[in-house]
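Peer 1: Make a model of this:
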Amino acid sequence: MERFIPLEKQSKRAQKAHHAKRRGSWNGLCPVTRAVPSGKAYDRNRRKRAERRERALPD
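Peer 2: Next up is the predicted model:
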């Protein structure tokens with residue numbers, strides 16, 4: 001049985017391996033694209049998109 005060595009006292013490589021083992025998987029999803037943009041933030045293209053959407057709708 002291996003002796004317990006605190007994470008702080010382990011080498012950087014061992015710490016990295018420990019954290020990599022504990023880290024979860026996104027299963028092919030990109031977390032950056034999952035972020036929802038803030039509605040309060042200034043978006044230069046918001047008005048353009050809204051106008052294009054209105055023109056695309058049939059009357």
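
Peer 1: quick one: the helices in this protein?
Peer 2: Secondary structure of the chain (DSSP state H): helices at 12-22, 46-56.

Peer 1: what's the first one in contact with?
Peer 2: I take that to be helix 12-22. 7, 10 (C-beta atoms under 8 Å, 6 or more residues apart in numbering). Every C-beta, even on glycine, is put in place using the N, C-alpha and C of the backbone.

Peer 1: Figure out how far it is from the centre of its chain.
Peer 2: Centroid displacement of helix 12-22 relative to its chain, using C-alpha atoms, centre = their mean, to the nearest Å, is 20 Å.

Peer 1: same check, this time on the last one
Peer 2: Between the mean C-alpha point of helix 46-56 and the mean C-alpha point of its chain there is a distance of 28 Å (C-alpha atoms, centre = their mean).

Peer 1: Pick out the shakiest of the helices of the chain, pLDDT-wise.
Peer 2: For the helices of the chain, mean pLDDT drops lowest on helix 46-56, to a mean of 88.

Peer 1: Can you point out the buried residues in it?
Peer 2: By neighbour count on 16 or more other C-beta atoms under 10 Å, the buried set for helix 46-56 is empty.

Peer 1: cool, stretch 25-32 as well?
Peer 2: Within stretch 25-32, judged by 16+ other C-beta under 10 Å, no residue is buried.

Peer 1: looking only at pLDDT, what's the mean for that stretch?
Peer 2: Regarding stretch 25-32, the rounded mean pLDDT is 82.

Peer 1: Quote the end-to-end distance of that stretch.
Peer 2: Distance across stretch 25-32, first residue to last, is 14 Å (C-alpha to C-alpha, to the nearest Å).

Peer 1: go on, stretch 14-30?
Peer 2: End-to-end span of stretch 14-30 (C-alpha to C-alpha): 27 Å.

Peer 1: got JSON lines for the helices of the chain, with distance to Gly39 too?
Peer 2: Compiled in JSON lines, the helices of the chain are given as follows (distance: least, C-beta to C-beta, whole Å):
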{"stretch": "helix 12-22", "distance to Gly39": "35"}
{"stretch": "helix 46-56", "distance to Gly39": "10"}
